[in-house]
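Visitor: Give me coordinates for this.
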Amino acid sequence: MKTLKYFVPIFIPFLIMVIVNEYARPGLPGYHNTKYDAYGMNPNTPKENTCTWTGFFNTKYCKDHHVKYLNNYYEIIDPIYFGMIKLLHRTGNYAAGNIIFMVILWPAIMYFLLIRIIMLRKQLKNG
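Guide: Down below sits the predicted model:
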């Protein structure tokens, strides 16, 4: 039971992500992505009212048509966002770099810090 409380914070976000994706999937037609020769939930054609893979390949289109509240913060966000993308491209394999850094390493660091906070809080509470 003691170790379960440490696995719940990392398990719940992935569970929510799977539930939301699988709940939305039946209402979406499958789209063929010619670049990766794979079927996915979203098309690669621009749509003004819906996010698609167009935003991945053309960030300006996404910012022009879908961003509503962060327009004033582009000068702060853009260097971070595009810096992360450049860093991932410099790994030599963007997809693998993305998985290693954004799916494994970054959540692992955040999880470690969360557990440290929980442990420190417990120490402070117990004196």
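
Visitor: residue ranges of the helices in this structure, please?
Guide: Remark: helices assigned in the chain by DSSP state H are 4-24, 54-57, 59-65, 74-90, 94-98, 106-126.

Visitor: okay, now residue 88: neighbour count?
Guide: Residue crowding around residue 88 was assessed by other CB atoms under 10 Å; the count is 19. Bear in mind the C-beta positions are built from the backbone N, C-alpha and C, glycine included.

Visitor: what's the neighbour count on the closest residue in space to it that isn't next to it in sequence?
Guide: The shortest distance from residue 88 to any non-neighbouring residue, by CB to CB, 6 or more residues apart in numbering, is to residue 97 (4.3 Å). By other CB under 10 Å, the residues close to residue 97 number 16.

Visitor: Against residue 70, how distant is residue 97?
Guide: Distance from residue 97 to residue 70, counting by CB to CB, to the nearest Å: 25 Å.
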